[in-house]
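A.B. asks: With the input below, show me the fold.
(2 chains)
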There are 2 protein chains.
Amino acid sequence: MPHPCAFFLAQEWDSTNFSRPLLSIPYPLLPALTIFSMTATLPSYEEAAAIVARRAAELAGIAPTTEQIQLGEAAGRVLAAPVHADREMPPFPRSTRDGYAVRAEEANSGIALRVSGSIHAGDAPLPEPLASGTTWEIMTGAAVPAWANAVAMLEHVETGKEADAATIRLLPPRHLEPGENIVPLGAEAHTGDEIVSAGTRMTAAHLAAAAACGYAELTVFCKPRVAILTTGDELVAVNATPAPGQIRNSNSPMLAALVEQAGGQPLVLARPVADDEEELDAALEKAGRADMILLSGGVSAGRFDLVEPALTRRGASFHFTGARIQPGKPVVFGELEGSVRPRPFFGLPGNPISSAATFLLFAVPVLAALAGNTDSPPRFALARLKRTVKGNPNLTRFVPSVCDAASVEVVPVGSQGSGDVAAFAHANCFLVVPEGTAEIPAGEIVKILPF
Amino acid sequence: MPHPCAFFLAQEWDSTNFSRPLLSIPYPLLPALTIFSMTATLPSYEEAAAIVARRAAELAGIAPTTEQIQLGEAAGRVLAAPVHADREMPPFPRSTRDGYAVRAEEANSGIALRVSGSIHAGDAPLPEPLASGTTWEIMTGAAVPAWANAVAMLEHVETGKEADAATIRLLPPRHLEPGENIVPLGAEAHTGDEIVSAGTRMTAAHLAAAAACGYAELTVFCKPRVAILTTGDELVAVNATPAPGQIRNSNSPMLAALVEQAGGQPLVLARPVADDEEELDAALEKAGRADMILLSGGVSAGRFDLVEPALTRRGASFHFTGARIQPGKPVVFGELEGSVRPRPFFGLPGNPISSAATFLLFAVPVLAALAGNTDSPPRFALARLKRTVKGNPNLTRFVPSVCDAASVEVVPVGSQGSGDVAAFAHANCFLVVPEGTAEIPAGEIVKILPF
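C.D. replies: As a prediction, the model looks like this:
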């Protein structure tokens, strides 16, 4: 497959190739300086994000397989066949108020109008047009009679009686414009209009629209299967007691939850993969049927990092191997060939905070593309910074932070580095400090990436 | 049950009581003016939100029942028993870098240090302390040997050889502080520390923390069951063909999705409830086992609005019946008595956009409280306004809008009122325009409520 990002492939991968033959040599040490003093040659966050966005757009062009599901199961799913209006919306001129259907000019003249009757929501539209000098009481959501061109709100009329008949009169200084409190027939959409496009990830609002159009079932794209391989000799399963020097595998459940949240189906390998070529090869083999592969750990500069060589052995091409971000600088993005379409992979740094940040920044848009979602960049928000934060001259920082839901003020949680899951458990977002920013003073509006 | 919000109960409910006896009289008209010109006496958005927050805090004090679940199923669930650290975090002094474990003062002196060996992540801590004049190669995540007090990064040393032994030397002008690139034993948390509190709604970050502490299972609160009753003669089921004057029930699937998103278990009544006292009574009877009830429709000012009287017949008390918001002004919040604890209900206006807005603003915090979540106000965010919006002197506006994920610019979608589901399908948030704001100019930072 000729690679669309061949420039980065060559530029980044050459360095990594250089280190590869050394991996089988137990000693002496790597010529470390030569290889790793290359932060400046890594793509910036914006460049890496652009590479991801471009590739995601290309991958989204290869449609995934589809399935039929019930409307009630559609939240979070990506629509494969658009929702069309099956009739005019609204299907009749709809009153938006409880009140009286009138001719505006008559009501504005201040005369008393005889109340001919009452129209509920759900009543068939009146067969007769509105006779002059008359009005119909009307409820919100009901069909406005023909020739009525406004609805006088209940609160804006006085009631009376004339020869046993109830009347209403628009109270001065109220004045009705033609069309007031009426949504005209077809004003929202016409029969056949596309109401929800294919490629949309369904929210509650889309479900409402699909229901209004009569879609009890929807055609959606199948969820992409995302293999999660956590690597590292130090990792033991959650239910194991770590030996001295070991820690539990916290990335698997974390990444599985993030994958589900992003619309994927996580396939978690039963146990962590050891730092061993054969184990890694076997794990990649098992991940063979996945649409996307997440590997965590084993991608930093150390000589025991076996992930990139293992991927290379399987014919991987690389979009980038590292980006100017903190945490997550060693993040790797590439692709393996697949039978139907390329299978993207991410090598995420092993520390949980780094893994989460790089997943949200880079893997989410690619996963969305595989899910058929045509437009899903990382979903940033703004917040007000509560405490001054420092930047880095050479890296974009993504600082684990907590944003208060009510005040929308954000403050870093303060952590002992990107392995500090105890601190991370107090965070609900990453705060973005752009590269080259010396500091952002308290009180400024900042970008955050909620999770 | 003596009611904690008796003031509002009396103030608001008296007016509604006044209208109730008239409901059985088919004609003549209601004395509309007397009853409904009361916007100014309704609570403001802030007052209504404060009532909800206060009552939510009280309800959160009555713990729901609990269940045991697998860690992998815990995302979005509310923790019932806290997660504690089962050992020091980190359990050993952890290297945050690939490099060399050194004594900082030795390394800073510029001498060549003999490399004694290599420490992987996962290796047991060295039995011997670090001998003077020596160093160990060390990988990210590995246990730093005793007496080493810093890790020199791979990128900051030059390698050499002395009498067949590999050496490294810290490259000037690099200087190591004691503690550099090491997280000390227990720096993140101590054995027994509470890492995730009961009452926390679990995100991926909490899952990582629970996994790190060895929780393969978690005790969570059972999801509150939320009955969804949509009312209105105009409504037909999604798979039915609406007769003239009718529309399909779009609120049931929409509210079900919102309830799930908020951590509840939706119980949707099979078909919409007609505007009929007996049908409504029967539906409320069926909803008897739910922890919370959502009724949509039937709460505005019209004379066919039967919801509040039906609730009153079941002994309901009301916190507010209306709020100074647009859309959603007729929103009703109250409670029915329950066997274990009170059962809150919301009467949501029938138009889908009003239903969604009032659910997100008021029902979400109460639902969170019933789920055992101790702190869950509506989750606002900030965004930059792309186009000037108008305010209302007497109401807080919540304008269906679309916020661009990358630029974080927000713009109203423009709709034909709160029944316009076609427009709503283009929105992903509500934009807040506070009461009394004439307009918010383009370019300002505004509050949004994403969904």
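
A.B. asks: So stretch A:105-114, near chain B or not?
C.D. replies: No. Stretch A:105-114 stays clear of chain B (C-beta under 8 Å from any C-beta of the partner chain), getting no nearer than 11.9 Å. (Each C-beta comes from the backbone N, C-alpha and C, glycine too.)

A.B. asks: Show me which residues of that stretch are buried.
C.D. replies: A:Glu106, A:Ala107, A:Asn108, A:Ala112, A:Leu113 (16 or more other C-beta atoms under 10 Å in any protein chain shown).

A.B. asks: What is the most widely separated pair among the residues you listed?
C.D. replies: Spatial extent of the buried residues of stretch A:105-114 (C-beta to C-beta) is set by the pair A:Asn108 and A:Ala112 at 13.2 Å.

A.B. asks: Please report the distance of A:Gly298 from A:Ala356.
C.D. replies: Per C-beta to C-beta, to the nearest Å, A:Gly298 is found 17 Å from A:Ala356.

A.B. asks: So between these two, which is more surrounded?
C.D. replies: Using other C-beta atoms under 10 Å in any protein chain shown as the criterion, A:Gly298 and A:Ala356 rank with A:Ala356 on top: 32 against 29.

A.B. asks: so which strand or helix has the more buried one?
C.D. replies: helix A:352-358 (DSSP states H and E).

A.B. asks: Quick one: residues in contact with that helix.
C.D. replies: Here helix A:352-358 makes contact (C-beta atoms under 8 Å, 6 or more residues apart in numbering or on different chains) with A:250-251, A:254-255, A:258, A:296, A:325, A:327-328, A:331, A:346, A:348-349, A:398, A:400, A:415, A:417-421, A:424, A:430, A:449, A:451, B:204-205, B:208, B:212.

A.B. asks: got a pLDDT number for the residue lying farthest from the centre of chain A?
C.D. replies: In chain A, counting by C-alpha atoms, centre = their mean, A:Ala163 sits farthest out from the average C-alpha position, at 63.4 Å. Looking at A:Ala163, its pLDDT is 86.

A.B. asks: Report the contact partners of the nearest residue to A:Pro90 once chain neighbours are set aside.
C.D. replies: Leaving out its chain neighbours, the residue that sits closest to A:Pro90 by C-beta to C-beta, 6 or more residues apart in numbering or on different chains is A:Val183, at 5.4 Å. With contacts defined as C-beta under 8 Å, 6+ apart, A:Val183 is in contact with A:Pro90, A:Pro93, A:Arg94, A:Thr96, B:Gln416, B:Gly417, B:Gly419, B:Asp420.

A.B. asks: give me phi/psi at A:Val183?
C.D. replies: phi -100, psi 120 (degrees, to the nearest 10).

A.B. asks: what are the bridge partners for it, then?
C.D. replies: With DSSP bridges applied, A:Val183 shows beta-bridge pairing to A:Arg94.

A.B. asks: sorry, back to before: which ones among the contacts of helix A:352-358 lie within helices?
C.D. replies: A:Asn251, A:Met254, A:Leu255, A:Leu258, A:Val421, A:Phe424, B:Ala204, B:Ala205, B:Ala208, B:Ala212 (DSSP state H).

A.B. asks: ok, so of those residues, who is nearest B:Ala243?
C.D. replies: Distances from B:Ala243 to the ones in helices among the contacts of helix A:352-358, taken by C-beta to C-beta, are shortest for A:Leu258, at 46.6 Å.

A.B. asks: ok, now which ones touch the residue lying closest to that closest one once chain neighbours are set aside?
C.D. replies: Closest residue to A:Leu258 apart from its sequence neighbours, by C-beta to C-beta, 6+ apart: B:Ala204 at 4.7 Å. B:Ala204 makes contacts with A:Met254, A:Leu255, A:Ala257, A:Leu258, A:Gln261, A:Ala356, A:Phe451, B:Ala75, as judged by C-beta under 8 Å, 6+ apart.

A.B. asks: can you give me the strands in the stretch 151-300 of chain A?
C.D. replies: Ranges of strands in the stretch 151-300 of chain A, per DSSP state E, counting those that start in this stretch, are A:157-162, A:165-170, A:182-183, A:194-196, A:217-221, A:225-230, A:235-236, A:247-248, A:265-268, A:292-296.

A.B. asks: Quick check: which of these is buried the most?
C.D. replies: Among these, the stretch with the highest mean neighbour count (mean count of other C-beta atoms under 10 Å in any protein chain shown) is strand A:292-296, at a mean of 29.

A.B. asks: next SSE after that strand?
C.D. replies: helix A:307-313.

A.B. asks: now for that next one, which elements pack on it?
C.D. replies: For helix A:307-313, the contact count by 3 or more C-beta pairs under 8 Å, 6 or more residues apart in numbering or on different chains; DSSP states H and E identifies helix A:277-286, strand A:317-321, strand A:332-336, strand A:343-348 as packing neighbours.

A.B. asks: May I have the first one as CSV, with CA atoms only?
C.D. replies: By that I understand helix A:277-286. C-alpha atoms of helix A:277-286 as CSV (Å, rounded to 0.1, in the frame of the first residue of the first chain):
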residue,chain,number,x,y,z
GLU,A,277,9.3,-10.6,21.1
GLU,A,278,7.5,-13.9,20.8
GLU,A,279,4.8,-12.9,23.2
LEU,A,280,4.3,-9.7,21.4
ASP,A,281,4.1,-11.4,18.0
ALA,A,282,1.6,-13.8,19.4
ALA,A,283,-0.5,-11.1,20.8
LEU,A,284,-0.5,-9.1,17.6
GLU,A,285,-1.5,-12.3,15.8
LYS,A,286,-4.5,-12.7,18.1
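
A.B. asks: a markdown table please, covering the buried residues of stretch A:105-114 and showing secondary structure and pLDDT.
C.D. replies: Shown next, in a markdown table, are the buried residues of stretch A:105-114 (DSSP: H, G, I helix; E, B strand; the rest coil; pLDDT from 0 to 100):
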| residue | secondary structure | pLDDT |
| --- | --- | --- |
| A:Glu106 | helix | 96 |
| A:Ala107 | helix | 97 |
| A:Asn108 | helix | 97 |
| A:Ala112 | coil | 96 |
| A:Leu113 | strand | 97 |
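
A.B. asks: from those, which single one is nearest B:Ala124?
C.D. replies: When the buried residues of stretch A:105-114 are compared against B:Ala124 (criterion: C-beta to C-beta), the nearest one is A:Ala107, at 88.2 Å.

A.B. asks: The closest one touches A:Pro178, doesn't it?
C.D. replies: No. Between A:Ala107 and A:Pro178 there is no contact under C-beta atoms under 8 Å: 10.6 Å.

A.B. asks: Name the residues contacting each of these two.
C.D. replies: Residues touching both A:Ala107 and A:Pro178 by C-beta under 8 Å, 6+ apart: A:Ala150.

A.B. asks: and the helix or strand hosting A:Val366 with chain B, contact?
C.D. replies: Using DSSP H and E, A:Val366 falls within helix A:364-370. No. Using C-beta under 8 Å from any C-beta, we find that helix A:364-370 stays clear of chain B, coming within 9.7 Å at best.

A.B. asks: Now do that helix: everything it contacts.
C.D. replies: A:52-53, A:55-57, A:59-60, A:64, A:78, A:201, A:224, A:226, A:259, A:262-264, A:291-292, A:333, A:344, A:346, A:376-378.

A.B. asks: Could you list which of those belong to helices?
C.D. replies: Secondary structure from DSSP H places A:Val52, A:Ala53, A:Arg55, A:Ala56, A:Ala57, A:Leu59, A:Ala60, A:Val259 of the contacts of helix A:364-370 in helices.

A.B. asks: Just the buried subset of these, please.
C.D. replies: Here, 16+ other C-beta under 10 Å leaves A:Val52, A:Ala53, A:Arg55, A:Ala56, A:Leu59, A:Ala60, A:Val259 buried among the ones in helices among the contacts of helix A:364-370.

A.B. asks: Closest one of these to B:His84?
C.D. replies: A:Val259 (27.4 Å).

A.B. asks: Run through the residues that contact the closest one.
C.D. replies: Applying C-beta under 8 Å, 6+ apart to A:Val259 gives the contacts A:Val226, A:Ile228, A:Gln265, A:Pro266, A:Leu294, A:Leu367.

A.B. asks: Alright, calling it a day.
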